[in-house]
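S.K.: Fold the following and give me the result.
(one chain, ligands or ions: 1)
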Amino acid sequence: MDDNELASLADPSFEQYFLVSPEKLALIYDAAGIRPSDRVVEIGAGVGTVARTMPPCQSLTVVEFDRNLIDHLRRNVPHANVIHGDGLRAARDMAFDVLVSNLPNLVTESLIDILPELSFRVAVMAVGEHADLGRLPAEFKVTEVATISGTDFRPAQPSVSRIVKVAR
Ligand SMILES: C[S@@+](CC[C@H](N)C(=O)[O-])C[C@H]1O[C@@H](n2cnc3c(N)ncnc32)[C@H](O)[C@@H]1O
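M.R.: Got it, this is the predicted structure:
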């Protein structure tokens, strides 16, 4: 998928910016520490730019809210289980070891709120510049991984996000 195609698929009303930076993707995979036995879930998977090069794992499930992207996801990540729907609801209904997400900031805030209800080993999440993860219970260890913005994405994302690792 070239830059023009990615840009043409992005719907600004869903805050769709697709992460394509190989360096930032490598940092996400490294932080996730995915093991071959892991069940991995990505919510807000877009067209699959993160999921398509996810390290080997037992299972990969991708959840996307925008129906228009589902066929692209199926094509780009043929080995994944593709779910069309709300990632917050799906996360509550699934069992997984590793969670990856890059959602609109408001949805991410809700995801942070429900993290204590979910059972997982590691979550690697893009969060807003000023997101407060200090509200998570002490059982969670939060580590800053990187910042992502601008041309890390297609189309370029105007705002800055932080990638954080949340481990139990
Ligand atoms: C910033 S894009 C990131 C896409 C992809 N993760 C990446 O980094 O290239 C956010 C994606 O989350 C999706 N999204 C927004 N709200 C969602 C929700 N409640 N459940 C699942 N997906 C959602 C959007 O449609 C969009 O594709």
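S.K.: contacting residues for the residue most central in space within the chain?
M.R.: By C-alpha atoms, centre = their mean, the mean C-alpha position of the chain lies nearest to residue 101, the distance being 2.0 Å. Applying C-beta atoms under 8 Å, 6 or more residues apart in numbering to residue 101 gives the contacts 42, 43, 44, 87, 108, 111, 123, 124, 125, 126. From N, CA and C alone the C-beta is placed, and that goes for glycine too.
S.K.: Spell out which residues of this protein are next to the ligand.
M.R.: 14-19, 43-46, 49-50, 63-66, 69, 86-88, 102-104, 107 (C-beta under 6 Å from any ligand atom).
S.K.: okay, among the contacts of residue 101, which ones form the most distant pair?
M.R.: Farthest pair in those (C-beta to C-beta) is 87 and 124. Separation: 14.4 Å.
S.K.: of these two, who's got more company?
M.R.: Taking other C-beta atoms under 10 Å, residue 87 and residue 124 do not tie; residue 124 has more neighbours (26 against 23).
S.K.: and the next element down the chain from the helix or strand that one falls within?
M.R.: According to DSSP states H and E, residue 124 maps onto strand 122-128. Tracing the chain past strand 122-128, the next element assigned as helix or strand by DSSP H and E is strand 141-150.
S.K.: Direction included, what does that next one pair against?
M.R.: When pairing is defined by DSSP bridges, strand 141-150 lines up against strand 157-167 (antiparallel).
S.K.: How far off centre is the strand it pairs with?
M.R.: How far strand 157-167 lies from its chain's middle: 10 Å, per C-alpha atoms, centre = their mean, to the nearest Å.
S.K.: Can you give the contact residues for that strand?
M.R.: Contacts for strand 157-167 (C-beta under 8 Å, 6+ apart): 17, 24, 27-28, 31-32, 102, 115, 121-129, 131, 133, 136, 140-150.
S.K.: Now the buried members of these.
M.R.: 17, 24, 27-28, 31-32, 102, 115, 122-127, 131, 145-146, 148-149 (16 or more other C-beta atoms under 10 Å).
S.K.: what's the nearest residue to residue 76 once chain neighbours are set aside sitting at in phi/psi?
M.R.: Excluding its sequence neighbours, the residue lying closest to residue 76 (C-beta to C-beta, 6 or more residues apart in numbering) is residue 48, at 3.7 Å. The phi/psi pair for residue 48 (degrees, to the nearest 10) reads phi 100, psi 20.
S.K.: Residue 11: what's its closest spatial neighbour, skipping adjacent residues?
M.R.: With C-beta to C-beta, 6+ apart, the residue lying closest to residue 11 is residue 66, at 6.4 Å.
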